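>>> return atomic coordinates for the entry below.
(one chain, ligands or ions: 1)
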Amino acid sequence: MTNKVVIANFKMNKTIRDTKEYIAELIPLITTSKVVVGICPPFTAIKSAEHKLKATNILLGAQNMHVEDKGAYTGEVSGEMIKEAGASFVILGHSERRSIYKENNILINKKIKKALKLGIKIVLCVGESLAERGQDKTEEVLNVQLSEGLKDVYANEMGNIIIAYEPVWSIGTGKVPTNEQIAQAMQNIKDTIKKLYNAQIANSTIVLYGGSVNENNSKDIASIKGVSGALVGGASLDAKKFAKIISNFS
Ligand code: PGA
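Below you'll find the predicted structure:
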């Protein structure tokens, strides 16, 4: 049986010092080995987080990377740079990147292929907006985001990619879809992967739920069919709450 995966996305929160303190607080609070835990601090804190995480099984990720290797891209950070800093995986296609920074599926696909080339694992975020759900377009949106995002990604590379289903209307809002809605989205994602690849890859692909996951609702979310873990924003900023979420997934 695959372990569960629970990942913290700090977004633009926590300095180097905050991140070190957080890790020191979190490590003794994790009492299960059944959950793969990852944390994604801001770029600036990755290197010092790496030092703090040595001798633990906690994985370190980045929240984004640029598609090019280097060049005149003021303010940007490349895959090679996050890898050198200590990140073994990267979140790509997060809805905040899609909406605020206008990242589309074509760019996200290029970033995925770059990360794969560099040996960086990927958490690919997909999810519908409230308007799209209202128009009954959830399945279609997931289908397009996955098929365009994973274009030309080979079957033998899919083991390096985790999918996170994050309905945009649920991120940071406290609004969580019903268990049935989440289960349906998980099924849609598996069906699409099956169409793009095959049943075995669809079965083995880890799919997380993300959007207002907290210490109180995580046990229930963990019980939903198809949910292999969570991508946690706001509630992950507090080590005690994040540890509780990890234990609720064990
Ligand atoms: P949230 O964010 O847990 O604060 O809703 C989740 C995410 O954006 O990954």
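>>> ok, for residue 66, nearest residue in space, not its chain neighbours?
residue 76 (4.1 Å; C-beta to C-beta, 6 or more residues apart in numbering). Yep, even glycine has a C-beta here, placed from its N, CA and C like the rest.
>>> near the ligand, which residues of the protein are found?
9, 166, 171-172, 210-213, 231-235 (C-beta under 6 Å from any ligand atom).
>>> ok, and the most crowded of those?
Most neighbours among the residues of the chain next to the ligand, by other C-beta atoms under 10 Å: residue 213, with 29 neighbours.
>>> which residues make contact with the lengthiest helix in the chain from outside it?
Ordering each helix of the chain by length in residues (DSSP state H) puts helix 179-196 first. With contacts defined as C-beta atoms under 8 Å, 6 or more residues apart in numbering, helix 179-196 is touched by 126-127, 138-139, 142-143, 146-147, 150, 158, 163, 165, 167, 177, 201-203, 205, 207, 209, 220-221, 223-227.
>>> and that helix, what's buried?
By neighbour count on 16 or more other C-beta atoms under 10 Å, the buried set for helix 179-196 is 182, 183, 184, 185, 186, 188, 189, 190, 192, 193, 196.
>>> wait, residue 19 touches residue 51, no?
No. Assessed by C-beta atoms under 8 Å, residue 19 is found out of contact with residue 51, at 10.6 Å.
>>> element containing residue 21?
According to DSSP states H and E, residue 21 maps onto helix 16-29.
>>> how much space between whichever residue of the chain sits closest to the ligand and residue 44?
Closest contact between the chain and the ligand, by C-beta to the nearest ligand atom, is at residue 233 (2.3 Å). From residue 233 over to residue 44 the distance is 18 Å, taken as C-beta to C-beta, to the nearest Å.
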